[in-house]
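In: Quick check, what structure comes out for this input:
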Amino acid sequence: MRLLNLEKSIEHEKDVYSIDVHRKFLKSELTLPVSRGFRGLLGASRGCADFRDSTDFSRLKQAFILSTIFALFSCHDSNEPAKIIKPNKTVIADSHIKQTLQDNKKKRSETKTNIRDNLLVYCSEASPQSFNPQLVTSGTTFDASSKPIYNRLVDFKRGTSQVEASLATHWDVSADGKEYTFYLRKNVAFHHTKYFQPSRNFNADDVLFSIFRQKNKDHPFHAISNLGYRYFRSMQFDSLITKLEKLDEHTIKFTLDHPESPFVATLAMDFASILSAEYANNLQQIGKKSQIDHLPIGTGPFQFIKYNPDAFIRYRAHPNYWQGEQKLKELVFAITPDPSLRFARLIAGECDVMAKPLPIHIKSIDQYPEIISYTESGSNIAYLSMNTRKKPFDNPNVRKAINLAINKKRLLKIVYDSSAIEAKNPIPPNMWSFNDNIPAMKYSPSEAKQLLNNEGFTNGFEMELWAMSVQRTYNPNARKMAELIQKDLEKINVKVNIISYEFGTFLEKTKRGEHHAALLGWIGDNGDPDNFFSSLLSCAATHSGSNASFWCYPSFDKLLNQARRISDQERRSELYKQAQVIFNQQLPWVPIAHAQQFVLANKRVVNFRLAPTDGMYFNDVYLLPTEH
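Out: Next comes the predicted model:
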């Protein structure tokens with residue numbers, strides 16, 4: 001085995017770290033594809049990096065950890081493309097190797113400790129669509145934007161869906177339930193970055209900007225993105241909020257069109273994140289308004305440093321965070337769409353936390369004592385949405401036939417490895433108002449075929465089924481699910497053509513209603529059933545596109561509106577149970593599964609928690625010291 005020792009000087013801030021790199025040229029039984037951001041750093045070609053033993057990952061650790069460090073510290077803190085700092089010595093002669101190692105041993109050891117003990121690497125599953133959570137509904141984007149970078153007036157208590165004070169210290173509600181007065185926290189600092197230096201702290205102007213940008217079509221920042229404000233509109237905030245007033249620098253008042261029971265909980269959702277009005281004004285003056293969505297400024301625990309698309313995102317702890325600076329000084333999202341590669345990187349020590357493991361990974365962690373699994377009952381649903389604006393899916397009997405023809409139990413066994421619960425309603429069974437009296441749809445291809453015959457589809461029909469290209473908590477393998485459904489529908493003479501797009505494109509096309517049917521899913525945001533019903537099935541959500549079935553049913557919508565306007569949970573629950581009966585009569589979806597959420601992490605990770613609303617939160621997380 002030949003060892004080539006390279007000494008690389010990596011400049012970060014004003015410090016220089018000298019690290020010996022050992023590249024091992026070994027025969028391989030395992031081939032791991034390397035993401036674009038790491039190829040040059042590992043010394044690999046555009047193809048792959050090879051390692052000899054598929055079961056012994058320990059020899060990967062140094063190379064993988066160093067590759068991550070190089071990715072972090074070989075780039076500037078601007079938004080320019082990453083640059084690799086070339087080594088100051090390309091090859092050290094054998095006679096000098098020992099002396100070099102001895103001279104630098106102490107400094108190198110201290111450097112590694114400082115870097116790895118304060119730096120957490122999260123292997124995420126996809127790239128964000130934006131760094132502005134107002135514009136999207138994607139959990140991947142929320143993980144990369146609203147959770148580390150921003151705060152809201154209220155937030156969810158860690159690991160729960162319980163609302164607690166955040167940028168607002170407290171609030172009052174009028175007797176008629178239509179006025180909400182929020183008292184804002186003082187001395188909350190925005191991020192100071194190389195692209196913006198704020199001159200003031202958070203105040204009421206920032207709340208007004210963050211709401212009015214989404215609400216008012218004539219707002220100077222409303223139309224700078226083509227992504228729209230799907231959440232704001234699907235929650236009907238554009239019509240619900242009739243007035244928002246600044247009473248003083250630290251007091252604001254919302255006036256609503258009608259009482260809205262989940263209003264405060266909705267303000268804890270990602271789309272209600274608070275942006276900097278001063279930053280927006282600065283960008284408007286220099287003609288760079290669109291920068292606000294990809295070079296973010298917030299008040300959250302971590303500030304944005306750099307994004308290398310499809311490779312990594314780098315954050316640094318906000319030194320003036322109002323809840324105190326984080327123990328983690330650096331946070332990196334290593335974007336790794338391939339779940340097997342995410343798992344390999346976790347085992348190798350390159351990643352500290354891994355998103356969305358496959359069932360086979362969860363089963364195998366007993367072989368790796370340094371890895372632990374976190375699990376939580378998911379407030380989610382995976383479903384097949386049928387576009388009711390397109391024939392033949394405008395026909396409820398055709399939609400029922402599709403429901404009858406799909407073998408859900410087989411989907412749960414093969415796609416989820418039996419770790420999910422079969423769905424029959426649009427909300428999960430652990431949510432209040434779940435109607436358990438509704439019988440589950442039976443699997444009956446013969447009955448499905450008869451229904452199609454009765455509707456004039458004796459020879460069946462042809463359709464497209466869109467499958468997302470990324471792994472989600474609610475659907476670990478949409479492509480495999482689509483293939484299984486394709487085989488099921490063949491039995492009733494329905495020919496299915498499977499279509500896939502890049503995830504952002506997929507979401508935009510379904511929003512515009514270009515699909516026949518699509519495999520989609522939802523993760524609840526605030527613990528309230530309305531978050532499922534109104535976001536996914538209301539008439540208002542057909543305009544925002546989050547209702548991808550484009551099903552608008554007046555009697556169903558009336559029940560949702562009534563439930564939102566009352567505060568008594570028992571009465572609301574009864575209305576939602578009635579809505580579920582109508583849903584199961586009309587069947588705009590095939591409800592498929594409610595999945596458990598899983599995250600794998602190294603045991604060095606301390607204080608990490610999963611939330612019922614899903615999402616990756618790294619505030620208050622830290623790492624135990626490394627072992628050398």
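In: only C-alpha atoms for contact and neighbour calcs from this point on.
Out: OK.
In: helices or strands up against the lengthiest strand in the chain?
Out: Of all the segments of type strand in the chain, defined by DSSP state E, the longest one is strand 589-602. Contacts defined by 3 or more C-alpha pairs under 8 Å, 6 or more residues apart in numbering; DSSP states H and E place strand 589-602 against strand 353-355, strand 371-377, strand 380-386, helix 396-405, strand 420-422.
In: and the next element down the chain from it?
Out: strand 605-606 (DSSP states H and E).
In: Neighbouring strands - and their directions - for that next one?
Out: Using DSSP bridges, strand 605-606 pairs in its sheet with strand 622-623 (antiparallel).
In: Per the annotation, how does the protein divide into domains?
Out: 1-117, 133-298, 377-596 (automatic domain parsing).
In: Endpoints of the second one, how far apart?
Out: Pointing back at domain 133-298 there. 11 Å (C-alpha to C-alpha, to the nearest Å).
In: Quick one: distance of it to the chain centre.
Out: A distance of 19 Å separates the centroid of the chain from that of domain 133-298, by C-alpha atoms, centre = their mean, to the nearest Å.
In: Now that domain: average pLDDT?
Out: The average pLDDT for domain 133-298 rounds to 95.
In: coming back round to it: and of the helices and strands packed on strand 589-602, who's closest to Thr137?
Out: Among the helices and strands packed on strand 589-602, strand 380-386 comes nearest to Thr137, with 13.8 Å by C-alpha to C-alpha.
In: who touches the closest one?
Out: 393, 399, 423, 426-428, 474-475, 516-524, 548-549, 588-595 (C-alpha atoms under 8 Å, 6 or more residues apart in numbering).
In: Compute the number of surrounding residues for Lys363.
Out: For Lys363, the neighbour count with other C-alpha atoms under 10 Å is 10.
In: repeat for Ile224
Out: Number of residues near Ile224 (other C-alpha under 10 Å) recorded here: 15.
In: Report the separation between it and Tyr231.
Out: Ile224 is 17 Å from Tyr231, by C-alpha to C-alpha.
In: Pro309 now?
Out: Pro309 sits 25 Å away from Tyr231, going by C-alpha to C-alpha.
In: How about the secondary structure of Thr613?
Out: Three-state assignment for Thr613 (DSSP: H, G, I helix; E, B strand; the rest coil): coil.
In: can I assume it is in contact with Asn526?
Out: Yes. With contact defined as C-alpha atoms under 8 Å, Thr613 counts as touching Asn526 (6.7 Å).
In: Can you check which residues contact both of these two?
Out: Common neighbours of Thr613 and Asn526, counting by C-alpha under 8 Å, 6+ apart, are Ser161.
In: Compare neighbour counts for those two and give me the winner.
Out: Comparing Thr613 with Asn526 by neighbour count (other C-alpha under 10 Å), the higher total belongs to Asn526, at 26 against 22.
In: The more buried one - that's part of a strand, no?
Out: No. Asn526: not assigned to a strand; according to three-state DSSP it is coil.
In: and it, what is it in contact with?
Out: Shown in contact with Asn526 (C-alpha under 8 Å, 6+ apart): Ser161, Ala265, Thr266, Ala268, Met269, Thr613.
In: Distance check, it against His170.
Out: Counting by C-alpha to C-alpha, the gap from Asn526 to His170 is 19 Å.
In: before we move on, what about Asp525?
Out: 21 Å.
In: who's more crowded, those two?
Out: Taking other C-alpha under 10 Å, Asp525 and His170 do not tie; Asp525 has more neighbours (24 against 15).
In: Now do that one against Phe532, distance only.
Out: Plainly put, Asp525 is 9 Å away from Phe532 if you go by C-alpha to C-alpha.
In: rewinding a little: of the domains of the chain, give the one that comes closest to Asn619.
Out: domain 133-298 (7.3 Å).
In: Select from the contacts of Asn526 every entry located in helices.
Out: If you go by DSSP state H, these have Ala265, Thr266 in helices.
In: want to throw the contacts of Asn526 into a markdown table with distance to Ser174?
Out: Putting those into a markdown table (distance: C-alpha to C-alpha, whole Å) gives the following:
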| residue | distance to Ser174 |
| --- | --- |
| Ser161 | 24 |
| Ala265 | 17 |
| Thr266 | 18 |
| Ala268 | 20 |
| Met269 | 22 |
| Thr613 | 29 |
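In: ok, the contacts of Asn526 vs Glu376, which is closest?
Out: Looking across those and measuring by C-alpha to C-alpha, the closest to Glu376 is Thr613, at 9.7 Å.
In: Next, find the distance separating the closest one from Asp620.
Out: From Thr613 over to Asp620 (counting by C-alpha to C-alpha), the distance is 18 Å.
In: Let me know which of the helices and strands packed on strand 589-602 is the nearest to Tyr501.
Out: Using C-alpha to C-alpha, the helices and strands packed on strand 589-602 put strand 380-386 closest to Tyr501, at 16.4 Å.
In: what angle separates that closest one from helix 396-405?
Out: If you take axes from the mean of the first three to the mean of the last three C-alpha atoms, to 10 degrees, strand 380-386 sits at 130 degrees to helix 396-405.
In: How is the closest residue to Leu120 other than its chain neighbours assigned, secondary-structure-wise?
Out: Counting by C-alpha to C-alpha, 6 or more residues apart in numbering, Leu120 lies nearest to Leu331, which is 5.1 Å off, once chain neighbours are set aside. Classification of Leu331 using three-state DSSP returns strand.
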